[in-house]
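**Q** predicted coordinates and the sequence they were generated for:
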Amino acid sequence: MKQLLRDARTAALVRTHQGRGPASGIPLPPRPFRMGGKHFQDDRDFVAGALADTDRLVTLAGLDNRSTLLDWGCGAGRLAIGIAERLGRIDRYHGVDVQRHLIEWAGRHIGRRPGYDFTFVNTRNERYNAAGTSDTRLPAADDSYDVIYAYSVYSHMRTADVRAYLGEFRRTLRPDGLAFFTAFVEKDVDREAVDPAGYGPLSWSGQLHCVRYDLEFFDSLLDEAGLAVRDFTHGTETDGQSMYLVGRSA
């Protein structure tokens with residue numbers, strides 16, 4: 001009965017929105033669908049965060065109205081909202097996620113706009129889609145994206161999946177494309193540690209809340225995938241994650 005009530009509440013939330021973007025009028029997701037922290041419960045903070053991420057992609061990855069972008073782990077489309085607010089639209093925004101209800105919301109409220117598409121992929125993740133399949137192929141053609149964005153996605157993945165998706169980034173990026181993502185990486189730690197005690201600002205709870213990697217080992221996975229680091233900042237992102245900007249190796 002409790003599960004039926006939760007499912008009914010989720011289905012109702014998919015049909016609603018909470019406020020609109022001030023510049024574009026784009027609907028904002030209901031508060032239970034806003035991932036990324038309690039501060040995003042406030043509409044102004046939610047839009048400000050979306051704009052900040054869009055602006056970083058403009059500066060770091062050359063995002064503009066002619067770009068194609070894959071948002072892997074898009075949630076309810078926060079980055080799409082930032083793009084709509086700042087740029088109106090790009091050539092193609094494609095949001096992909098393993099959480100069906102968030103994709104359903106984004107498709108209903110954002111995906112009707114020209115240039116915005118959303119796809120649910122039933123890929124297994126212990127935290128977000130435990131009943132999914134083992135298929136890790138991204139729904140994208142080879143050499144198809146100028147920019148790939150994956151915020152706080154690798155932070156919830158074990159090594160096998162990290163390896164698979166770095167390979168997918170290499171496959172789907174255009175030769176001069178760039179991928180922006182975050183991960184928990186530190187020097188001189190275990191290659192992989194799930195929910196390491198005493199690390200970071202939170203008490204990690206639930207499946208794959210934090211998957212931390214040894215920096216040298218993670219960089220070796222990038223090399224193996226045929227990706228090269230173009231920019232990196234350590235510990236500056238949410239909960240102490242680090243930022244990577246990578247492109248294809250020469």
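**A** Happy to help now that I have it. Being a predicted model, the structure only gives us computed values, none of them experimental.
**Q** in the chain, mark out all the strands, start to finish.
**A** 68-72, 92-97, 116-120, 145-150, 173-186, 192-194, 211-214, 227-233, 242-248 (DSSP state E).
**Q** mean pLDDT added to these, as a markdown table?
**A** What follows is those, written out as a markdown table (pLDDT from 0 to 100):
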| stretch | mean pLDDT |
| --- | --- |
| strand 68-72 | 98 |
| strand 92-97 | 98 |
| strand 116-120 | 98 |
| strand 145-150 | 98 |
| strand 173-186 | 98 |
| strand 192-194 | 98 |
| strand 211-214 | 98 |
| strand 227-233 | 98 |
| strand 242-248 | 98 |
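**Q** residue 148 touches residue 174, doesn't it?
**A** No: the criterion here is C-beta atoms under 8 Å, and residue 148 misses it with residue 174 at 10.0 Å. Any C-beta I mention is one placed from the backbone N, CA and C, and that applies to glycine too.
**Q** and the two? which has more neighbours close in?
**A** Neighbour count, other C-beta atoms under 10 Å: between residue 148 and residue 174, residue 148 has more, with 26 against 16.
**Q** so residue 125 is in contact with residue 208, correct?
**A** Yes: Residue 125 lies in contact with residue 208 (C-beta under 8 Å); the separation is 7.2 Å.
**Q** can you check which residues contact both of the two?
**A** 156, 157 (C-beta atoms under 8 Å, 6 or more residues apart in numbering).
**Q** list the helices and strands the top helix by length along the chain packs on?
**A** When the chain is parsed with DSSP state H, its longest helix is helix 43-61. Other elements packing on helix 43-61 under the criterion 3 or more C-beta pairs under 8 Å, 6 or more residues apart in numbering; DSSP states H and E are helix 78-87, strand 145-150, strand 173-186.
**Q** could those go into CSV alongside distance to residue 105?
**A** Formatted as CSV, the helices and strands packed on helix 43-61 follow (distance: least, C-beta to C-beta, whole Å):
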stretch, distance to residue 105
helix 78-87, 11
strand 145-150, 19
strand 173-186, 23
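**Q** can you tell me which of those is nearest to residue 23?
**A** Closest approach to residue 23 among the helices and strands packed on helix 43-61 is made by helix 78-87 (4.7 Å; C-beta to C-beta).
**Q** who touches residue 36 in this structure?
**A** Contacts of residue 36 by C-beta under 8 Å, 6+ apart are 49, 75, 78, 151, 152, 238.
**Q** what of residue 172?
**A** 70, 138, 140, 141, 142, 143, 144, 145, 148.
**Q** redo those residues as TSV? Include distance to residue 162.
**A** What follows is the contacts of residue 172, written out as TSV (distance: C-beta to C-beta, whole Å):
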residue	distance to residue 162
70	17
138	14
140	18
141	22
142	20
143	22
144	21
145	19
148	14
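**Q** relative to residue 106, which of these is nearest.
**A** Of the contacts of residue 172, the one sitting nearest to residue 106 (C-beta to C-beta) turns out to be residue 70, at 14.1 Å.
**Q** phi first, then psi, for the closest residue to residue 168 other than its chain neighbours.
**A** Distances taken as C-beta to C-beta, 6 or more residues apart in numbering place residue 138 nearest to residue 168, at 4.6 Å, with adjacent residues excluded. Residue 138 adopts backbone torsions of phi -70, psi 140, taken as degrees, to the nearest 10.
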